[in-house]
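[1] Sequence first, then the predicted structure, then my questions.
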Amino acid sequence: MTDYQQGSYDQINATLCQLGRLRRGEISLIQFEEWLRSVQRTNGPSETEKDITEVCDEIRDMLIKKNRSYGDSALKPVRIFSKADAEAGLMVRIDDKLSRIQSGNGDFGEDTLLDLLGYFILLRIARKRKALAFGSDHGLGAR
């Protein structure tokens with residue numbers, strides 16, 4: 001067993017012991033929650049969790065910067081030529097980006113990857129807004 005596996009095993013065992021104490025009434029739910037929070041603070045985020053946070057922050061910053069530069073054109077299109085809603089417009093942008101990659105007319109570098117990720121995030125926002133407008137989350141609720 002590796003040190004990581006042993007640490008995970010020890011953590012699971014400690015949690016089960018605390019749950020047993022909770023079930024037997026030896027500690028309150030509040031005490032259990034406090035213990036759990038202290039363990040989470042001690043262990044801290046993993047390297048992957050830190051990387052996920054860093055990349056998501058980078059994408060968030062890019063989207064906010066572009067939204068300030070170009071206005072809210074992706075989610076509130078002016079509809080001069082096209083009458084498509086925001087969701088359809090974003091899907092067209094994604095299709096165009098993927099088509100250029102597939103045909104070899106576009107470089108699949110970091111900028112393209114960030115653009116695609118940004119479009120997918122904006123598409124999720126558009127779908128959530130549409131669902132809220134129609135009074136349903138269609139599986140797009142808080143996650």
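    Here it is on my side, so go on. It should be emphasised that the depicted structure is a prediction, and the values quoted were computed from it without experimental measurement. Numbers count the residues shown, from 1 in each chain.

[2] okay, CA-based contacts and neighbour counts for the rest of this
    Fine.

[3] before we move on, which element is the most centrally placed residue in the chain in?
    The centroid of the chain falls nearest to residue 56 when counting by CA atoms, centre = their mean (7.3 Å). Counting by DSSP states H and E, the element that carries residue 56 is helix 47-70.

[4] do residue 120 as well
    Using DSSP H and E, residue 120 maps to helix 110-133.

[5] Could I get the buried residue list for that helix?
    For helix 110-133, the buried set under the neighbour-count rule, 16 or more other CA atoms under 10 Å, comprises 114-123, 125-131.

[6] what residues does the helix holding residue 56 touch?
    Residues from elsewhere that reach helix 47-70 (CA atoms under 8 Å, 6 or more residues apart in numbering): 73, 114, 117-118.

[7] switch to 10 Å and redo it
    Residues from elsewhere that reach helix 47-70 (CA atoms under 10 Å, 6 or more residues apart in numbering): 44-46, 71-75, 114-115, 117-119, 121-122.

[8] give me the low-pLDDT residue ranges for the chain?
    Scanning the chain for pLDDT under 70 picks out 1-9, 41-44, 106, 137-143.

[9] domains in it, as residue ranges please.
    As recorded under automatic domain parsing, the domains making up the chain are 3-43, 47-133.

[10] which of these sits most buried?
    Mean neighbour count (mean count of other CA atoms under 10 Å) peaks for domain 47-133 among the domains of the chain, with a mean of 14.

[11] Quick one: end-to-end distance for it.
    For domain 47-133, the separation between the terminal residues is 39 Å (CA to CA, to the nearest Å).

[12] can you give me how far it is from the chain middle?
    In terms of CA atoms, centre = their mean, to the nearest Å, the centre of domain 47-133 is found 14 Å from the chain centre.
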